[in-house]
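In: Everything below, folded, please.
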Amino acid sequence: MDVIANWEPYAEYGKRILEKCAKKEVTGIMAAHSIPNLFYILRKDFSQEERRALLKDLCLEEAADYIVTRNLDDFIESRVKVIQPDELVSLF
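Out: Down below sits the predicted model:
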């Protein structure tokens, strides 16, 4: 969301993570509930067709080693390790 909406200063970490995903150096996974959230949030900046195209390739199902989020409090009970985007970038 930070990257697509270009929310600074957070977008830079997201861009670095997405670059790693594009190079297939890491696999990025998005929670299913994030897709309708993104579709709604991006309505101000993108048409319906543009939003559909942006989100189309994000619908594969896999497991995750980390949850990468700036909202750590929502994942206190998670079995998957929760880290912030800058922490993931530092692992690269």
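In: isn't there a strand covering residue 31?
Out: No. The assignment for residue 31, made by DSSP: H, G, I helix; E, B strand; the rest coil, is coil rather than a strand.
In: what's around it, how many residues?
Out: Neighbourhood size, residue 31 [other C-beta atoms under 10 Å]: 10. Heads up, the C-betas are built off the backbone N, CA and C, glycines and all.
In: how much space between it and residue 90?
Out: In this view, residue 31 and residue 90 are 23 Å apart by C-beta to C-beta, to the nearest Å.
In: now do residue 29
Out: For residue 29 relative to residue 90 (C-beta to C-beta), the value is 20 Å.
In: now do residue 81
Out: 14 Å.
In: Residue 41 too?
Out: To residue 90, residue 41 is 27 Å away according to C-beta to C-beta.
In: which of the two has more neighbours?
Out: Taking neighbours as other C-beta under 10 Å, residue 41 and residue 90 compare with residue 41 leading, 15 against 10.
In: Mind checking the pLDDT average for the helix or strand harbouring the more buried one?
Out: Residue 41 is part of helix 34-41 when elements are defined by DSSP states H and E. In this model, helix 34-41 carries a mean pLDDT of 87.
In: now the helix or strand that that helix is followed by against helix 34-41, angle please.
Out: Remark: after helix 34-41, the chain's next helix or strand is helix 48-56, criterion DSSP H and E. Using axes from the mean of the first three to the mean of the last three C-alpha atoms, to 10 degrees, the direction of helix 48-56 lies 150 degrees away from that of helix 34-41.
In: elements contacting the helix or strand that comes right after helix 48-56?
Out: Next along the chain after helix 48-56, taking DSSP H and E as the criterion, comes strand 66-68. The helices and strands touching strand 66-68, judged by 3 or more C-beta pairs under 8 Å, 6 or more residues apart in numbering; DSSP states H and E, are strand 81-83, helix 85-91.
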